[in-house]
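[1] just coords:
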């Protein structure tokens, strides 16, 4: 009874990944995509951005009722924000946000369901390109024009600018290496994360499920064209690496 009570309170009070069957090695494989250096310790996965994922928790009929879970679930994992004392520690809110995104990304890849501890985040499609090579803003515009329209540089300050326009399909936010913080960078970058990187965020303003396939394709193709130009990589809005535009379409 006590074990079930604790499990119920943890699943009720934390964002949780719910699965209809044991994912086996598939969960660990997906976790390594999110963070190549993820560690396992005492029933939890430890990610370098301060997110912890506990489980698996077997979902019994009694636990399902106590935690008010959807029917048909057999296995659950729940996330927490780790306490960190080192100089690169991140605040609880940032880790909670990362955890929500991680669980969402895992659910997409494993065919699971997410139970959020608060209102579900309405995340816009926003692949980010990280690269070590500098690209002049005008060259970025030339690369992106076939996919996004006639951009112009706006709100340019030291280390930052926005690409916008009257009839563009998405916005682009650039952050220079001087603005780069390793503690805020996606764990998916792996060893590349330790270097100061250029970052471009391609913001489509709406979530994947609310966008037409054509627009998702434009954003994805633009991200990979820019990544090719700067020798970089593409990370999706959930923190997972993206290998093709197809990966950005709703699962």
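    Received the coordinates, thanks. Keep in mind that what you see is a predicted model, and the values were worked out from it rather than measured. Numbers count the residues shown, from 1 in each chain.

[2] show me what whatever helix or strand residue 109 lives in is in contact with.
    Element membership for residue 109 (DSSP states H and E) is helix 92-110. Residues outside helix 92-110 that contact it (CB atoms under 8 Å, 6 or more residues apart in numbering) are 15-19, 23, 26-27, 30-31, 33-34, 47, 49-51, 53, 77, 79-82, 112-114, 116-117, 120-121, 123, 184, 236-240, 251. C-beta coordinates here come from the backbone N, C-alpha and C atoms, glycine included.

[3] so which of the residues you listed sit within strands?
    Per DSSP state E, strands hold the following members of the contacts of helix 92-110: 16, 17, 18, 19, 51, 53, 77, 79, 80, 81, 113, 114.

[4] can you put those residues in TSV and add distance to residue 199, neighbour count and pLDDT?
    Shown next, in TSV, are these (distance: CB to CB, whole Å; neighbours: other CB atoms under 10 Å; pLDDT from 0 to 100):
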residue	distance to residue 199	neighbour count	pLDDT
16	31	28	97
17	28	26	98
18	33	24	98
19	33	23	98
51	20	28	96
53	26	25	97
77	30	26	97
79	25	25	95
80	28	19	93
81	24	20	89
113	32	17	96
114	27	17	96
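
[5] closest to residue 196 out of the residues you listed?
    residue 51 (23.4 Å; CB to CB).

[6] tell me the spacing between the residue nearest to the closest one when sequence neighbours are not counted and residue 106.
    In this structure, residue 51 finds its nearest non-sequential neighbour in residue 99, 4.5 Å apart by CB to CB, 6 or more residues apart in numbering. The gap separating residue 99 from residue 106 is 11 Å, by CB to CB, to the nearest Å.

[7] how does the protein divide into domains?
    Under the assignment automatic domain parsing, the domains of the chain span 2-115, 128-248.

[8] and these, which one is worst for confidence?
    Lowest mean pLDDT within the domains of the chain: domain 2-115, at a mean of 90.

[9] any idea how far that one is from the middle of the chain?
    Taking the mean of its C-alpha atoms, domain 2-115 sits 14 Å from the chain's own mean (CA atoms, centre = their mean, to the nearest Å).

[10] tell me where the chain has helices.
    Using DSSP state H, the helices found in the chain span residues 2-13, 25-34, 61-66, 92-110, 137-148, 213-230.

[11] who touches the shortest one?
    What it means is helix 61-66. Against helix 61-66 from outside (CB under 8 Å, 6+ apart): 4, 5, 7, 8, 11, 12, 57, 69, 71, 73.

[12] what of the second one?
    Residues from elsewhere that reach helix 25-34 (CB under 8 Å, 6+ apart): 38, 40, 45, 47, 53, 77, 102, 105-106, 109-110, 187-188, 239-241.

[13] please pick the buried ones from the residues you listed.
    By neighbour count, with 16 or more other CB atoms under 10 Å, the contacts of helix 25-34 hold 38, 45, 47, 53, 77, 102, 105-106, 109-110, 187-188, 239-241 as buried.

[14] nearest to residue 145, of these?
    residue 241 (25.7 Å).

[15] hey, what's the closest one bridged with?
    Assessed by DSSP bridges, residue 241 has beta-bridge partners residue 235.

[16] correct me if wrong: it contacts residue 233.
    Yes - contact criterion CB atoms under 8 Å: residue 241 and residue 233 qualify, at 6.3 Å.

[17] picking that back up, can you redo the helices of the chain as CSV with distance to residue 164?
    Output for the helices of the chain, formatted as CSV (distance: least, CB to CB, whole Å):
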stretch, distance to residue 164
helix 2-13, 41
helix 25-34, 31
helix 61-66, 48
helix 92-110, 25
helix 137-148, 10
helix 213-230, 14
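
[18] for the contacts of helix 61-66, work out which two are farthest apart.
    Pairwise distances among those were taken by CB to CB; the largest, 20.5 Å, belongs to 5 and 71.
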